[in-house]
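> Predicted model and sequence below, questions to follow.
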Amino acid sequence: MSESIAALHLATQTAYPLVVLSFLSEIF
């Protein structure tokens, strides 16, 4: 169970900057 949470946390850590960058590229 903890491994799934760790994997999800890692995925969130990785995906968040990509979402922010895509959001900024939409604006600029």
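Perfect, I can see it now. Numbering: from 1, shown residues only.

> contacting residues for Leu8?
By CB atoms under 8 Å, 6 or more residues apart in numbering, no residues touch Leu8. No exception for glycine: its C-beta is placed from N, CA and C like everyone else's.

> Which pLDDT value goes with it?
Per-residue confidence for Leu8 comes out at a pLDDT of 92.

> again, but for Glu26
We have a pLDDT of 91 for Glu26.

> now it: how far from Val20?
To Val20, Glu26 is 11 Å away according to CB to CB, to the nearest Å.

> More neighbours: these two, which one.
More neighbours surround Val20 than the other of Glu26 and Val20, with 10 against 7 (other CB atoms under 10 Å).

> measure the more buried one to Glu3 for me?
Taken as CB to CB, the span from Val20 to Glu3 is 27 Å.

> ok, now Ile27?
Applying CB to CB to Ile27 and Glu3 gives a distance of 37 Å.

> for Glu26, same thing?
34 Å.
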